[in-house]
Each structure stands twice: as C-alpha cells, then as structure tokens.
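Participant: Based on what follows, work out the 3D shape:
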Amino acid sequence: MKENNKILLPGGFKQFRILKQKCDLNNKKILIIGESSEKIAEKFILEGAESVDVIVRDYESLIHSKLNIELNEKISIRINDFENTDFEENRFDIVYSQASLTNTNRKNTIKEIKRILKSNGILCISEITKLKSKIPTFVQNIFEQSEMIPLLQSEFEQYFTSKGFEIIYKQDLTSSLKDFYQSTQRELIEYLKSSSEKEKNFYKKLLNKISHESNAYLKLGADKYIGLNLLIMKNIK
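Facilitator: Okay, here's the model as predicted:
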C-alpha cells in the first residue's frame with residue numbers, strides 16, 4: 001500500500017517537527033521503533049542524521065515499509081522484538097517511537113531502550129492514552145484488538161520518570177486524533193477503490209483495523225476516552 005509522503009500514524013509528522021525544533025539531529029544515530037515509520041526515517045536523514053535503524057515486529061510490516069521507502073544506504077529496516085533487540089549497549093543518540101509502545105511488553109521494551117540508548121540520549125515518544133479510568137466495552141475492545149494497554153493520561157509522565165527519564169518537553173496531542181482518523185478514513189476509501197483484490201487481501205488485517213478504529217472514534221464516541229500524548233526525555237542512567 002504505497003502512501004507517498006503520508007503516514008498512517010496518530011499525530012502524522014507533528015511529532016517529528018516538534019523533535020527537530022527541540023533537539024539537534026545532525027550526525028546522530030537514530031532508532032525508530034514501530035510500523036509505518038519509514039517516511040519518518042527519511043526525514044531524519046534529510047535533517048542530517050548519520051544513520052537510522054527501523055525495527056518492526058513482523059514480515060508483513062517489513063514488506064509494507066520496504067515498499068513505501070526510497071532505497072537509502074543510511075536507512076536499515078528489519079524485524080526485531082522491541083523488548084529484545086540485536087543492538088549493542090549505548091548505540092543510539094535518539095530513540096523515536098510514534099504510537100508503538102502502548103503494548104503488553106511496555107515494561108521490558110522501556111528496559112531495552114535504556115540499554116541501547118546512550119547516557120543523556122533522547123527518547124521521543126507519543127502514545128495513545130486513556131482520558132478516563134473507566135472506559136466502555138467497545139473502546140476496551142479497540143485496545144485489545146490492537147494489543148494495547150494504554151496508560152491513564154494523568155499517570156503518563158510519572159510512568160516514564162519512574163523508569164529513569166527526565167522530561168525535556170511534553171505536549172497533549174489529543175486534538176490531532178480527529179484529523180488523523182478522518183484522514184485515514186479518506187485514504188482507506190480511495191485505496192479500496194483503486195486497488196486489486198490481491199493487494200486488498202494482503203493488507204486485509206491492517207485495513208480492517210483502520211476502518212474499525214476510525215468508525216469508533218468518529219461516530220461511536222470513542223473520542224471521549226482516547227488521548228494522545230507526546231514526551232521528549234533524556235535518559236538518566
């Protein structure tokens with residue numbers, strides 16, 4: 001599913017734009033954790049990063065990423081467990097994740113990030129959060145289908161400071177979610193009109209997930225319970 005210069009991630013390119021305003025990216029070694037991040041990788045290289053590694057969890061995500069990026073010797077995309085990577089200690093200057101850590105292995109993934117991130121290195125994340133402690137079943141079903149266990153928005157910062165990070169910058173990006181879901185819904189409609197049955201079958205799981213989440217957020221009231229929060233942090237070892 002070729003997406004040109006668009007990304008199917010909550011917050012779009014806003015997170016990257018904020019990071020480049022707050023941190024020097026020149027000559028930095030970058031790790032991006034999560035699917036659909038290949039266009040972010042290209043932007044890091046354009047801003048002068050030395051290299052960018054992108055890790056995804058499965059073969060389908062790997063193929064999708066490789067189809068959606070221009071060949072660049074400074075960018076490497078591969079399959080890795082987020083909580084147990086192949087990288088040596090203290091390798092990266094910046095670790096970047098956009099809506100990819102809200103999963104059942106968050107604790108071990110954060111532990112692994114601290115291992116491979118340099119002392120005083122930067123962790124930049126945006127994550128889906130819960131706006132309320134009590135959420136309806138249909139919203140809980142969305143989280144479960146995506147294997148997400150979101151933190152409560154009011155506890156988001158404290159979770160990361162308790163893991164040994166110092167917050168440099170924070171921003172509530174919840175207001176961007178409506179645009180994200182409207183945009184992905186339009187993209188989905190156009191894609192279904194123009195794609196072959198073979199291609200639609202290949203991306204069936206992703207397409208169904210996008211359709212279900214967009215409908216729930218835009219029409220069923222999930223917007224009252226789902227948030228998006230950004231943190232830029234320093235790794236204090």
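
Participant: For the longest helix belonging to the chain, what is the distance to the chain centroid?
Facilitator: Criterion DSSP state H: the longest helix present in the chain is helix 177-194. Distance of helix 177-194 from its chain centroid, counting by CA atoms, centre = their mean, to the nearest Å, is 18 Å.

Participant: Note down every partner strand of the longest strand seen in the chain and its orientation.
Facilitator: When the chain is parsed with DSSP state E, its longest strand is strand 117-130. Using DSSP bridges, strand 117-130 pairs in its sheet with strand 92-98 (parallel), strand 151-152 (parallel), strand 226-235 (antiparallel).

Participant: Only the buried residues of stretch 210-219, if you could.
Facilitator: Using 16 or more other CB atoms under 10 Å as the test for burial, stretch 210-219 gives I210, E213, S214, A216, Y217. Just so you know, the C-beta spots here come from the backbone N, C-alpha and C atoms, and that holds for glycine as well.

Participant: contact partners of that stretch?
Facilitator: 8, 138-139, 142, 145-146, 177-178, 181-182, 184-185, 188, 222-223, 226 (CB atoms under 8 Å, 6 or more residues apart in numbering).

Participant: Please report which of those residues has the highest neighbour count.
Facilitator: I226 (24 neighbours; other CB atoms under 10 Å).

Participant: thought that one was touching V139?
Facilitator: Yes - counting by CB atoms under 8 Å, I226 touches V139, with 6.8 Å between them.

Participant: I figured L9 hits S36, correct?
Facilitator: Yes - using CB under 8 Å, L9 is in contact with S36, at 5.4 Å.

Participant: Phi, psi for the closest residue to F180 other than its chain neighbours please.
Facilitator: In space, and not counting its chain neighbours, F180 is closest to P10: 5.1 Å by CB to CB, 6 or more residues apart in numbering. Main-chain torsions, P10, degrees, to the nearest 10: phi -50, psi 130.

Participant: With L71 as the reference, measure out to P10.
Facilitator: Separation of P10 from L71 (CB to CB, to the nearest Å) stands at 28 Å.

Participant: does L31 sit in a helix, a strand or a coil?
Facilitator: The local conformation at L31, judged by DSSP: H, G, I helix; E, B strand; the rest coil, is strand.

Participant: Just grab the bridge partners of it for me.
Facilitator: D53, V95.

Participant: quick one: contacts for it?
Facilitator: So L31 contacts V52, D53, V54, I55, F87, R91, F92, I94, V95, Y96, I116, L117 (CB under 8 Å, 6+ apart).

Participant: so what's the nearest residue to the last one once chain neighbours are set aside up against?
Facilitator: The spatially closest residue to L117, leaving aside those adjacent along the chain, is N235, at 4.7 Å (CB to CB, 6+ apart). Going by CB under 8 Å, 6+ apart, N235 touches I113, K114, L117, K118, S119, N120, G121, I122, L123, G164, F165.

Participant: just the buried members of those?
Facilitator: By 16+ other CB under 10 Å, those give I113, K114, L117, K118, G121, I122, L123, F165 as buried.

Participant: Just the helices from the protein, written as ranges.
Facilitator: With DSSP H as the criterion, the chain has helices spanning 14-22, 38-46, 59-67, 106-116, 137-145, 156-161, 177-194, 197-202, 204-219.
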